[in-house]
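K.L.:
Sequence and predicted structure, then a few things I'm wondering about:
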Amino acid sequence: MDWPLIIAFGFGVGVLVGTTGVGGGSLMTPALILVFGTAPVTAIGTDLAYAAVTKTVGGWRHFRKGTVDMTIALWLAVGSVPGALGGVYVLHVLERQLGRASFDDTLLTMVAGALLVTGAAVLVRALLLRVRGERDTVEPFETRHKVAAVLVGVSVGFVLGLTSAGSGALIAVALIWVYRLRPRRVVGTDVFHAAILLWVAAAAHLVSGNVDLGLAGTILIGSIPGVWVGTNLATRLPENALRPALGIVLLAAGLALLNKAGADFPVSVIFLAPAAVAVAATALHFGRERAARMRAQLPASSVPPAPAPTPEHA
């Protein structure tokens, strides 16, 4: 394997994890499969192992910065930990029941599906979610908040145990939509919770023999300094540019894995579909900026009312 390239990939993914809370399993797993030729089940287990350490570093940094809502993170873990164990168990059952070729294709399809959902969630979070009344915490934290956290945790944990993808983006959307947390608290809480979840999922994959420890250690050489840098950049880099770009990359990765699994569509779709999304996202971004400038130039009495806020679920 090209160890310097793997280290470079680890650093880049670490920066994204520290900055946005998203990108660990969603980017490294397809990179290991598509770029480095790693077997899908080994790519998933190895990715979870390295990501557990990476997000622990990021979670600790966010905890020290005061950007973690510990109550929400722990209630998410109540659901996500058993969910992840269930996902690993289902993966083990599928491996026993299917032949090697069928299992690899099935697994590639599941990972691709998780990436496409994750990419869509990242784009929705970046471009469409606008919640009024953002806050640092939820007080009082009532039974409905606990139930919501457990249900979200079970769902995301199962997907992560099965495919290694989706934990960051899907949890982040829930933290915005359900709990209306401020962006910094979303990233901090997301990364801290993911560290708990990933250790459990990685341990289960290690017991199942799905982890290449040498490969995981090589990735960590790049990812640990990357997440350290990314955490420090979290309050400085423009999220409006980072998150749509990440969502588009995830869509492309999902389509590439579908193609590798045998999906019958032209290779050009892998490039053209994300490019079309990129054009639409850019147009939406600049349209909003132009509308904001126009509102700022109008007299206060003539400013039209703001659009209705996203429904509040908390």
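P.N.:
The structure has been received and is ready for your questions. Numbering: from 1, shown residues only.
K.L.:
what's the first-to-last distance across stretch 127-139?
P.N.:
28 Å (C-alpha to C-alpha, to the nearest Å).
K.L.:
let me fix that: stretch 170-184
P.N.:
With C-alpha to C-alpha as the measure, the ends of stretch 170-184 fall 16 Å from one another.
K.L.:
Just the mean pLDDT for that stretch, thanks.
P.N.:
Model confidence over stretch 170-184, given as mean pLDDT, is 81.
K.L.:
gap between it and the chain center?
P.N.:
13 Å (C-alpha atoms, centre = their mean, to the nearest Å).
K.L.:
what about residue 134, how many neighbours?
P.N.:
Other residues near residue 134 come to 13 when the count uses other C-beta atoms under 10 Å. Where C-beta positions appear, they are placed from N, C-alpha and C, glycine not excepted.
K.L.:
nearest residue to it other than its sequence neighbours?
P.N.:
With C-beta to C-beta, 6 or more residues apart in numbering as the measure, residue 182 is the residue that lies nearest to residue 134, at 4.7 Å, once sequence neighbours are left out.
K.L.:
how much space between that neighbour and residue 136?
P.N.:
Spatial separation of residue 182 from residue 136 under the definition C-beta to C-beta, to the nearest Å is 6 Å.
K.L.:
quick one: the residue nearest to residue 134 and residue 266, what's the gap?
P.N.:
The spacing between residue 182 and residue 266, counted by C-beta to C-beta, is 43 Å.
K.L.:
These two - which one has more neighbours?
P.N.:
Here residue 182 and residue 266 are set side by side on neighbour count (other C-beta under 10 Å), and the busier one is residue 182, at 17 against 9.
K.L.:
mind listing the helices for the stretch 51-200 of the chain?
P.N.:
With DSSP state H, counting those that start in this stretch as the definition, the stretch 51-200 of the chain shows helices at residue ranges 70-97, 100-123, 143-163, 167-177, 183-207.
K.L.:
The fourth one packs against which elements?
P.N.:
Counting by 3 or more C-beta pairs under 8 Å, 6 or more residues apart in numbering; DSSP states H and E, the packing neighbours recorded for helix 167-177 are helix 24-34, helix 70-97, helix 100-123, helix 143-163, helix 183-207.
K.L.:
Apply 10 Å and report the result again.
P.N.:
Based on contacts counted as 3 or more C-beta pairs under 10 Å, 6 or more residues apart in numbering; DSSP states H and E, the elements that helix 167-177 packs against are helix 3-20, helix 24-34, helix 40-65, helix 70-97, helix 100-123, helix 143-163, helix 183-207, helix 239-260.
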